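> got a sequence here, can you model it:
(one chain, ligands or ions: 3)
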Amino acid sequence: MSYREIHELFVVCDECHTSLSVYDATYEAADNEAADHGWQCDELQGRHYCPLHWHVECHDCDITDSGAPDELEADGWHIDRDYPCDSLCPNHRHLACRECRKWDVGPLHRLEYEGWQVNADDFKKSLCPECVKNKKETK
Ligand SMILES: [Zn+2]
Ligand SMILES: [Zn+2]
Ligand SMILES: [Zn+2]
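Ligands and ions are numbered 1, 2, ... in the order given. Purely as a prediction, here's the structure:
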């Protein structure tokens, strides 16, 4: 009698159960392989999500969402592709001052209330409250 054993490992999406064959890989290599294919691998919880079902969590307010990263970004998420749990939800913007490089993170309405002049085209080119004040004074 002859035997032939084929060992094959699959990474499975915890959301839709789509599976990706990574052949005869170790678990660690499987994660790398899956990441190369656009999968999200959550090492801490041992979960995997296919490219259509990334799970992101807002670093600031713990709101979570799931979907394709491109779609989430179109919805206003700022996704950290290496650490999806450090993403920022559409309510939380990372603003940076184009004058003094000060930065802040928070809901737009709070930042505007605090005096930030928000540049909607490029949040990194906004003006912080102090620089807004300075501008007014030099006028
Ligand atoms: Zn999926
Ligand atoms: Zn948030
Ligand atoms: Zn400034």
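> show me which positions of stretch 83-95 end up buried.
Going by neighbour count (16 or more other Cβ atoms under 10 Å), the buried part of stretch 83-95 is 84, 87-90, 92-95. Where C-beta positions appear, they are placed from N, C-alpha and C, glycine not excepted.
> could I get those residues as CSV with distance to ligand 1?
Shown next, in CSV, are the buried residues of stretch 83-95 (distance: Cβ to the ion, whole Å):
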residue, distance to ligand 1
84, 14
87, 18
88, 23
89, 21
90, 22
92, 25
93, 28
94, 28
95, 33
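> list just the nearest of the residues you listed to ligand 3.
Among the buried residues of stretch 83-95, residue 95 lies closest to ligand 3 (Cβ to the ion), at 10.1 Å.
> so the closest one, which state does it fall into?
Of the three states, residue 95 takes strand under DSSP: H, G, I helix; E, B strand; the rest coil.
> any idea how far it is from residue 49?
29 Å (Cβ to Cβ, to the nearest Å).
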